[in-house]
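Asks: A predicted structure for the sequence below; I have some questions about it.
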Amino acid sequence: MKNTVKITLKYDDGKEKVTLEVDADEMEICLENDYQQRLSVASPEERATVRKYTPAEFADRLNKDERNNHQKLNRHTAGYIKNLCGDDDAVPYINPIDLVADNSAMEELEEWAELDAMRQKLYGNLPKAQADLLWEVAINQTPVADIAAREGVSFQAIYLRLETARKNAKKFFKNP
């Protein structure tokens with residue numbers, strides 16, 4: 001049987017209540033995180049008075065009317081950060097996009113890994129000349145006419161080589 005701690009949250013001056021049962025270990029983690037956060041923002045003089053709350057004190061802090069009513073009324077409002085424990089003179093606006101993690105580097109890495117796997121499959125299954133031609137046209141998007149001019153052959157010759165390479169690639173690629 002797990003140890004639990006009951007916390008009652010109140011809205012609208014205590015008219016509306018919700019009781020939550022929280023695992024005691026999770027409550028301890030929450031209390032420790034709250035303590036560490038309050039300790040980090042306290043001035044050097046105030047640090048001596050900062051102490052870890054009990055679950056009841058933590059629930060009382062959560063039940064401040066200003067906090068709960070604000071949370072209830074504004075829970076769907078994005079972008080505004082409100083100082084819930086202090087003065088509300090300045091309510092800064094933060095663009096919600098700034099709160100989203102930037103995964104562009106990870107996306108580039110995944111795209112590069114896919115391209116590298118495709119390159120290995122292409123060069124592992126086709127003759128080098130055919131693989132080079134497919135890579136140049138499909139990935140580098142070089143026009144067939146430019147390749148023909150560079151190699152000094154006709155457009156038709158490059159086009160026929162490309163068709164042969166595509167036919168051979170269909171054997172091991174789903175969508176060549």
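Replies: The structure has been received and is ready for your questions.

Asks: So which residues of this structure form strands?
Replies: Counting by DSSP state E, the chain has strands at residues 4-11, 16-23.

Asks: for the ones you listed, which one sits closest to V144?
Replies: Of all those, strand 16-23 sits nearest to V144, with 65.1 Å by Cβ to Cβ. Heads up, the C-betas are built off the backbone N, CA and C, glycines and all.

Asks: helices and strands around that closest one, which ones?
Replies: Counting contacts by 3 or more Cβ pairs under 8 Å, 6 or more residues apart in numbering; DSSP states H and E, strand 16-23 is packed against strand 4-11.

Asks: list the buried ones in stretch 109-123?
Replies: Using 16 or more other Cβ atoms under 10 Å as the test for burial, stretch 109-123 gives L122.

Asks: try stretch 164-176
Replies: A165, R166, N168, A169.

Asks: In the residues you listed, find the pair that's most separated.
Replies: Once Cβ to Cβ is applied, those give R166 and N168 as the farthest pair, at 7.4 Å.

Asks: rewinding a little: just give me the closest of the buried residues of stretch 164-176 to L39.
Replies: A169 (62.1 Å).

Asks: Against Q141, how distant is the closest one?
Replies: Computed with Cβ to Cβ, to the nearest Å, the distance linking A169 and Q141 is 17 Å.

Asks: what packs against the top helix by length along the chain?
Replies: Longest helix in the chain, counting residues (DSSP state H): helix 104-125. Using 3+ Cβ pairs under 8 Å, 6+ apart, the elements in contact with helix 104-125 are helix 128-134, helix 155-169.

Asks: circling back: ranking the strands of the chain by mean pLDDT, which is last?
Replies: Sorting those by mean pLDDT places strand 4-11 lowest, at a mean of 73.

Asks: Off-centre distance for that one?
Replies: 31 Å (Cα atoms, centre = their mean, to the nearest Å).

Asks: strands paired with it, and their directions?
Replies: Within its sheet, and counting by DSSP bridges, strand 4-11 is paired with strand 16-23 (antiparallel).

Asks: domain parsing for this structure?
Replies: Here the domain parsing of the chain from automatic domain parsing is 4-99, 104-169.

Asks: ranking these by burial, who's on top?
Replies: Comparing these by mean neighbour count (mean count of other Cβ atoms under 10 Å), domain 104-169 ranks first with a mean of 14.
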